[in-house]
Every structure is written in C-alpha cells, then in structure tokens.
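Undergrad: Structure here, sequence nowhere to be found:
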C-alpha cells in the first residue's frame, strides 16, 4: 500500500511529465490579467489553431470573458467561416493531418489541465535544431516530437549544447546541458518568454473558463459567509440568553 501511495504521488507531480532530468520552468498564471489573455488568444489563433483545435471553447465565450467585442473576434480571430457561437475548430481534415504529420494533432482544450502550465511553458521554449528529425527540430522536454517549431519566426533557432554524465554502469553518456540561440527571431529572448507566458496563460483559461467567474465570485461568497456568521452568532446568543 505504501508503494502504491508513493507511485501515485510521483505520477501526480508536475515534473513527472518532463523527460528525465529536465527541470520545468515556471509560468506566471494570472487569469485576471485580461491584456495577457488577449495577447495569448492572438498567439493561439495565429500559431496553434491551424493544426490544433480547441473545440470545448466557443468564440462567443472567449469574447465575453476577455472583454473583446464579437465584431473584433470575427474580424481578427476567425478565418475559416465559423460562426461566433461555434467552438474553435480547424478546417484541416483528420486524414490529411495524419498523412502529413504521422498523427492527428490533438485537441488542446484541456492540455493545460492534463500537462500543467509549467510543462507547456517549458515545452514551448525547448525546441532545438535536429536534422535527423522529419521537420529538422526536436524538443528537449518531449524527445522525438512530431510537430515543427511553428514559433521559430518569433524565437529563432536554438542548438543543443551537450555535456557528459556518468551512467550507473560506470559509462559516460551525453545529455543536453542547455539550449542557445544560433539564429535570432523577431523577438528577444525576454520578449519570447513573455509571449509564451501569455500563450500559456490563455491555454490555462481555455481549459477551465468558469474558473474566472469562480474567482470573481469567491471573495463575495466568503464575505457573505462571514457576515452571516456574525448574524448567526448574535442570534444564537439571543435565543440562549435565558438558558443557563
């Protein structure tokens, strides 16, 4: 039983999703930052939505939650003839996607809930040049990744710097020590980090839109319960004042 509990704790730890020895970088998640969510929506639509759907989120819900007018959403965030009340689907057919990429790109509606924001943030920063891969890139967090580096024009291209580590058998193997930019992109490293934080922030919202409403109502509910506690306390004193 103890072994089972330990195994569950390991599996539920976010770092368990990382490849061996890869430390996750922390994303700053703030669902109250509407500007960040709006920027993240822009990056998601322009760089992710061409291959990955987010069918569980409707454009109309996004417009309401992120304070974007439906007209602006239709003009700037909808490109394949959808309606404002539709989910965020893609026009690419599943059989074509499997033919081109070897697998049908997964829906990303719940990816932040299944992988965790820190995993996504680290993943988006961990692509590097690898000519042995079909798209010429690999990912240090997700080895043998099956997708191209669609954000390369923003980040640029990175190369892997290796170091030698000793194995348990006494041998030596090479592991990735760090990634360094060899071809700059449109953004500086700091700007790219901020952009990916905005994207992950939006994907976190996308996985549970109702969380924003709960956070808005939470303090009101707590205040109501506190006030009722005071009322009930004095009411109880009034009821029991003649009983000793």
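TA: Received it, and whenever you're ready, just let me know what you need. Keep in mind the model is a prediction, meaning the values are calculated, not measured. Numbers count the residues shown, from 1 in each chain.

Undergrad: residue contacts, residue 187?
TA: When contacts are counted by CB atoms under 8 Å, 6 or more residues apart in numbering, residue 187 is found next to 154-155, 195. In short, each C-beta sits where N, CA and C put it, glycine included.

Undergrad: hmm, 6 Å instead?
TA: With contacts defined as CB atoms under 6 Å, 6 or more residues apart in numbering, the neighbours of residue 187 are residue 154.

Undergrad: Which stretches in this protein count as helices?
TA: Ranges of helices within the chain are 2-12, 34-43, 59-65, 70-76, 94-101, 111-115, 117-124, 152-155, 189-207, 210-239, based on DSSP state H.

Undergrad: out of those helices, nearest to residue 177?
TA: When these are compared by CB to CB, helix 117-124 sits nearest residue 177, at 15.6 Å.

Undergrad: for the closest one, which positions count as buried?
TA: Using 16 or more other CB atoms under 10 Å as the burial criterion, the residues of helix 117-124 that qualify are 117-124.

Undergrad: Residue 91: neighbour count?
TA: Other residues within reach of residue 91 by the criterion other CB atoms under 10 Å amount to 12.

Undergrad: That one contacts residue 80, correct?
TA: Yes. Judged on CB atoms under 6 Å, residue 91 makes contact with residue 80 at a distance of 4.5 Å.

Undergrad: any idea which strand is longest in this structure?
TA: Using DSSP state E, we find that the single longest strand of the chain is strand 172-184.

Undergrad: Neighbouring strands of that strand in the sheet, and parallel or not?
TA: Its sheet considered, strand 172-184 pairs with strand 156-166 (antiparallel) by DSSP bridges.

Undergrad: Work out the gap between the strand it pairs with and the centre of the chain.
TA: Relative to its parent chain, strand 156-166 has a centroid offset of 25 Å by CA atoms, centre = their mean, to the nearest Å.

Undergrad: Ok, stretch 150-167 next?
TA: Here stretch 150-167 shows a centroid-to-chain-centroid distance of 21 Å under the convention CA atoms, centre = their mean.
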